[in-house]
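[1] Pasted the sequence and its predicted model underneath.
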Amino acid sequence: MGQQQDKVLALLDTHGQRLHRLLGRLTRSEDVTSDLMQELFLRLSRSKGLEQARDPYAYAWRAAANLAFEWRRRRKIKFGPLEGDAREDEPQERPLGKLVRDEQVQRVLEATSRLDELARDVIVMRFIEQEPYEEIGARLGRDVAYLRSLCSKSLVRLRQMCDDREADCTDKGVPHDR
Amino acid sequence: MTDKRKQEIISALERAGQFELPQAAIERDLERVRRALASERAGRSLWRTIAQSRWTRLTSAAAVIVIAVVAFSLFMQPEPAAAKLLAQVARNMEKLAWIKTTTQTFAPGKERPVAVDVHWTDAKNKRVFAIYDGKYVHLMDYAQRRWSIYRPETNDMIVKPLEDEWVSPAGAVHEYILKLKTEGIEVAKSEEMHEGRNVIVLQFAESLNYLQGAGPATNMLMNGKPVKTMRHKIVIDKQDYLLGAAEITYLDPNDAVIVVQRSTSEPIQTGPADIYELGVPKNVTIVNKVPDERVGQVRESIASHASRFLDAYIAVITEARAEDGQERVDQGMVVFRRGKELRVDVYRRLFNHPDNVTPLYVNELAASLTRLKPYWPEEEQRGIQAVRLYDGLWQYVLEVKDDKLVAWDKQRRPDGDAYADDDVDDFAWRTLWWLNEPEHMFEDDYSRTHGLIAMELTPQWQGYRLPKRQVVYVDPQKDYICQRYIDEELFDAPWQEDKNWLDKVRDRENLTERRTVCDIIEYGRTAAGQWYPKVIAETGHELTYGRLRKDVSRIIRIHVVAERPEFPNGVFEPGKLPEPADQ
């Protein structure tokens, strides 16, 4: 237990802020992030997987992403204004129009949660964390060309999922998915 | 898929990546987890709790007594017989000079303890000596406000400030007896023989609330598992009416036993004279983490003036973004404060989303809506975001989630309300803290020009986190209010000790430097002449390595609209909070 605790503490010191940021970006809620952060380290502190992991950060990153998307899938209602959305209207942000308002972000994140795990992780690393393909390849042990192809296919899949949802909502005559 | 459609998805994902929580929230959460993990590692097994309440921090005080009184405080119904019995125990404990307590921790199904902790409580001199796991020696000196921790692996002894107030075992019992009237418990009382002596046995159970609606996290963690239930058994010796033994069983959310702790305590004539008597070698390396003495004095003055601020008021606090010389309000808080009680209704800008919540609660929110209107008249631009109530012990939070007002489990908060930016005090009297990092004073042009006391913390680069600096400039002429507050994490700054730290970072493109400066630009005064910040200008920037810098500028306005007013009926009553929607 002592060594495990040391490892988890070291992980917290070196990567805690990054993991917190990841949870924040995927949940877009301060309270949920706070709780999931606690839950993440609770799980890591008793995880055998961490002990055996070659790269503890990569292991923790995946655990954090799983937690955040698990939370997202559990939510009953998907698209509404969340507490952090006050930052949506930062003056220096690009004018992306209606399609990039918060509901769109929530919708895309929701769809991302339903991708398979590898595709989901690549999408998060590439577009949310803005990692270069070379870095993602190194982290996941995958060929860069394969990741580019996977990303492209995943974007198509995301678009389909979002379109399906929008069509579903339109059919029911409601403005939001509920 | 057309390029345009693809770009829409990518843009939405990138926008998700731009979401940032306040740095203070990140640090708060990291510290919360760090304390829980560090506590476990140090073997302080009795109260491994994430929430740092005063009572739970009594871990190192006379364990068996604390076990008993904490338990009683939490759960006891007005139970005359048990309260009377406890009062008698308290009276007897007042006469004791020293108490020795031994606590054994057992894993489920194991007969041998996995940990043995021993405490010696010196009631007269307000000191607690302890040995954890047979090797970690601690001295909590409440009179000197010093906490010494000896680690045999490194043969060093960290000496740091002890923040908690001393509560004698008897005093704690008295305080808890008072609480019996307000908190419920079902106590089973019996008389039996225990190791050949006539004893009274009290038994009861406590269930902790989940932090989230569906769990599993609660505010207590043991052996890496959340504690949902604690079963207590207290043994009082009928001969001397002192607490003789206690047992606590900790259960997880599935009712599985995490650990069982058994304690025995006994009055003793005398205990250790100093920490070296407990095996700390004379050649130990002392690591002094105690701040400059002058810092302590200023901190006390800050706390003292903060505590003297208006004990009852209504205030409206708005936060606006400065754009082209105009202020655009993004958040408004209506604050009702009466002593410890605090009710804050938080409204936020809607960002083109229809407000489907506020109209449902116009009656319950009438008191805050009325007071907010003069300072944020554009009703169509704002909507309720949260209602927070602290009743002096429990924190209630209702928040808008997914277009519904939902309630979190209430949380027990003996130390005060859970939010650091909720009322006037929070904006006026700031204190610095950082784990194991001493605060120190300094002078610069700004402090000299304005006659301010400057204090700073400069935790250096540690792994991933950037070097950090927090500064307060305190005005002793204005009730020790923080005139300027700086919080910065920078790629390069004169106060950084290792000038080459950035070269050691492999993935520096993930680093973001931040700087926030809060200046009070206008003061207000209460009718009694106390100062408070009326207008605060917040400026700063964020810069992710290799990218464009984002500047931030906000104006916070604090309007104290009524001093010692007659408060709206029921505004502090939990039972009169808005009814949450079904979750």
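    Thanks, I have it.
[2] Correct me if wrong: residue B:473 contacts residue B:484.
    Yes. Between residue B:473 and residue B:484 there is a contact under Cβ atoms under 8 Å: 4.1 Å. In this view, the C-beta of every residue, glycine as well, is placed from N, C-alpha and C.
[3] what residues are shared contacts of the two?
    With contacts defined as Cβ atoms under 8 Å, 6 or more residues apart in numbering or on different chains, the residues shared by residue B:473 and residue B:484 are B:446, B:452.
[4] Looking only at neighbour counts, state which of these two leads.
    For the pair residue B:473 and residue B:484, the greater number of neighbours falls to residue B:473 (22 against 19), based on other Cβ atoms under 10 Å in any protein chain shown.
[5] In terms of helices and strands, where is that one?
    Element membership for residue B:473, per DSSP states H and E: strand B:468-475.
[6] Against which helices or strands is that strand packed?
    helix B:445-450, strand B:453-457, strand B:481-489 (3 or more Cβ pairs under 8 Å, 6 or more residues apart in numbering or on different chains; DSSP states H and E).
[7] just the angle between that strand and strand B:453-457, please?
    Angle, strand B:468-475 to strand B:453-457, by axes from the mean of the first three to the mean of the last three Cα atoms, to 10 degrees: 160 degrees.
[8] Tell me the strands beside strand B:468-475, with direction?
    Using DSSP bridges, strand B:468-475 pairs in its sheet with strand B:453-457 (antiparallel), strand B:481-489 (antiparallel).
[9] Do me a favour and average the pLDDT over that strand.
    Averaging pLDDT along strand B:468-475 gives 93.
[10] Tabulate the CA atom coordinates of stretch B:119-129 in CSV.
    As requested, the backbone C-alpha atoms of stretch B:119-129 are provided in CSV (Å, rounded to 0.1, in the frame of the first residue of the first chain):
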residue,chain,number,x,y,z
HIS,B,119,-1.5,9.0,21.9
TRP,B,120,-0.6,10.7,25.1
THR,B,121,-2.7,13.8,25.7
ASP,B,122,-1.3,16.4,28.0
ALA,B,123,-4.4,18.4,29.0
LYS,B,124,-2.6,20.9,31.1
ASN,B,125,-0.1,22.0,28.5
LYS,B,126,-2.3,21.5,25.5
ARG,B,127,-0.1,18.9,23.8
VAL,B,128,-0.6,15.6,22.2
PHE,B,129,2.2,13.2,21.6
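[11] Show me how far that stretch is from its chain's centre.
    Stretch B:119-129 has its C-alpha centroid displaced from the chain centroid by 25 Å (Cα atoms, centre = their mean, to the nearest Å).
[12] can you put the strands paired with strand B:468-475 in CSV and add mean pLDDT?
    Shown next, in CSV, are these (pLDDT from 0 to 100):
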stretch, mean pLDDT
strand B:453-457, 91
strand B:481-489, 94
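[13] so what pLDDT did residue B:212 get?
    We note a pLDDT of 57 for residue B:212 in this prediction.
[14] May I have the beta-bridge partners of residue B:318?
    Residue B:318 has the following beta-bridge partners by DSSP bridges: residue B:332, residue B:557.
[15] And for residue B:429, the neighbour number?
    23.
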